[in-house]
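Q: using only what follows, build the 3D model:
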Amino acid sequence: AKLRYDRLAKALVDMRAGVEHLDSKLEAARGKDGRDMLALASPVIGVGADKGVTVTDENILDVLSAAEVSLLRLIELTANADEAADASASPAKGSGAGGAAALQ
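A: Numbering: from 1, shown residues only. Below is the predicted model of the structure:
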């Protein structure tokens, strides 16, 4: 029973450290005031948006949820940036089917 308890305790400590590490990595996407700048378009701004948050058993889910919102917003921003880059890289040649014919 003690071995099982020790393994679970170590897993909990490792999980908490991992969530804290993820939160610290996402600080680069946050503003100077600690507010999650990525979540401006989202109604959810979690506890993890505070700089230097200490992950505890009580707030670990909130921190992880805030990290998820930030990551989803980063994916969305990246996709939008890729689409904008693709659109600006392909100049419009004529209108209608003429542009498609020029590519063939």
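Q: so what's Met15 up against?
A: Ile60 (CB atoms under 8 Å, 6 or more residues apart in numbering). C-beta here means a position set from N, CA and C on the backbone, and glycine is covered the same way.
Q: check which helix or strand covers it.
A: Following DSSP states H and E, the helix or strand that holds Met15 is helix 2-25.
Q: ok, Leu72 next?
A: Element membership of Leu72 [criterion: DSSP H and E] is helix 60-89.
Q: measure how that helix sits relative to helix 2-25, angle-wise.
A: With axes from the mean of the first three to the mean of the last three CA atoms, to 10 degrees defining the directions, helix 60-89 sits at 40 degrees from helix 2-25.
Q: quick one: buried residues of helix 60-89?
A: Using 16 or more other CB atoms under 10 Å as the burial criterion, the residues of helix 60-89 that qualify are 60, 62-64, 66-67, 69-70, 73.
Q: still on that earlier bit, tell me which residues in the helix holding Met15 are buried?
A: Taking 16+ other CB under 10 Å as the criterion, helix 2-25 shows 16, 19-20, 22-23 as buried.
Q: so which of those residues is the closest to Thr56?
A: Thr56 has its nearest neighbour among those in Arg16, at 7.9 Å by CB to CB.
Q: residues in contact with that closest one?
A: Contacts were defined as CB under 8 Å, 6+ apart; by that measure Arg16 touches 55-57, 60.
Q: those: which two are farthest apart?
A: In terms of CB to CB, the contacts of Arg16 reach their longest pairwise distance at Val55 and Asp57, which sit 8.6 Å apart.
Q: look at these two and report which has more neighbours.
A: A side-by-side neighbour count of Val55 and Asp57, using other CB atoms under 10 Å, places Val55 first with 21 against 8.
Q: please state the backbone phi and psi of that one?
A: Backbone torsions of Val55, given as degrees, to the nearest 10, read phi -80, psi 130.
Q: I'd say it and His21 touch.
A: No. At 9.4 Å, Val55 and His21 do not qualify as touching, with contact defined as CB atoms under 8 Å.
Q: ok, Val55 to Lys2 distance?
A: Look at Val55 and Lys2: by CB to CB, to the nearest Å, they are 26 Å apart.
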